[in-house]
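>>> Sharing a sequence plus its predicted fold:
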Amino acid sequence: MRGRVAAGVVGVVFGLTLSWTGLSSPEIIREGLLFQSSYLFLFFGSAVGTAFVGLRLVRRARVRAVLTGEPVEWENPKPQRRHFVGSLIFGTGWAIADACPGPIATQLGQGVLWSLCTIAGLVIGIQLYLRRQAQAETSDAEPPREAPAARRPAAAPGRA
């Protein structure tokens with residue numbers, strides 16, 4: 001329960017921040033994606049810089065998670081093809097919808113009704129992904145099928 005309350009508080013603060021900074025505005029997103037305004041990129045750059053420094057400090061201090069008490073750890077995997085494909089799909093969807101998952105909920109809260117279409121697209125995409133993952137797990141769990149033995153015609157009676 002405590003984790004859900006904390007997640008709710010973080011979500012509300014994140015939504016208020018998106019709304020206050022204008023990052024839920026389709027106009028601001030569109031201007032950034034069309035390179036008409038640097039606001040979006042400067043905001044992202046400052047967020048990435050802050051996260052970079054903050055994560056290095058967390059790793060160096062070897063702190064534990066506030067809610068679970070577990071050590072805060074992560075791995076840095078090497079980029080794979082799926083990362084590039086996923087980023088292209090995400091970026092294309094973001095450019096078409098003028099929103100990424102965070103601002104969608106904020107847009108809905110602000111009364112932007114067409115965000116319902118974006119939410120529907122998000123839900124459909126998640127369902128397709130989960131279905132594909134389930135199929136991949138099922139095919140990995142099944143033992144490989146052996147090819148059927150070649151059938152020879154039965155010998156006629158009396159012939160050897």
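Sure, I can see it.
>>> For the helix or strand hosting L55, the averaged confidence score.
Following DSSP states H and E, one finds L55 within helix 39-61. What helix 39-61 shows for mean pLDDT is 89.
>>> Which strands and helices lie in contact with that helix?
Here helix 39-61 touches helix 26-33, going by 3 or more Cβ pairs under 8 Å, 6 or more residues apart in numbering; DSSP states H and E. Yep, even glycine has a C-beta here, placed from its N, CA and C like the rest.
>>> which strands and helices sit next to the helix it packs on?
helix 39-61, helix 81-97.
>>> how about those helices, which one is nearest L130?
With Cβ to Cβ as the measure, helix 81-97 is the member of these nearest L130 (14.7 Å).
>>> just for the chain, where's the confidence low?
Applying pLDDT under 70 to the chain picks out residues 141-160.
>>> Where is the longest helix in it?
The single longest helix within the chain, with elements called by DSSP state H, is helix 115-141.
>>> What residues sit buried inside that one?
For helix 115-141, a neighbour-count test (16 or more other Cβ atoms under 10 Å) marks 115, 118-119, 122 as buried.
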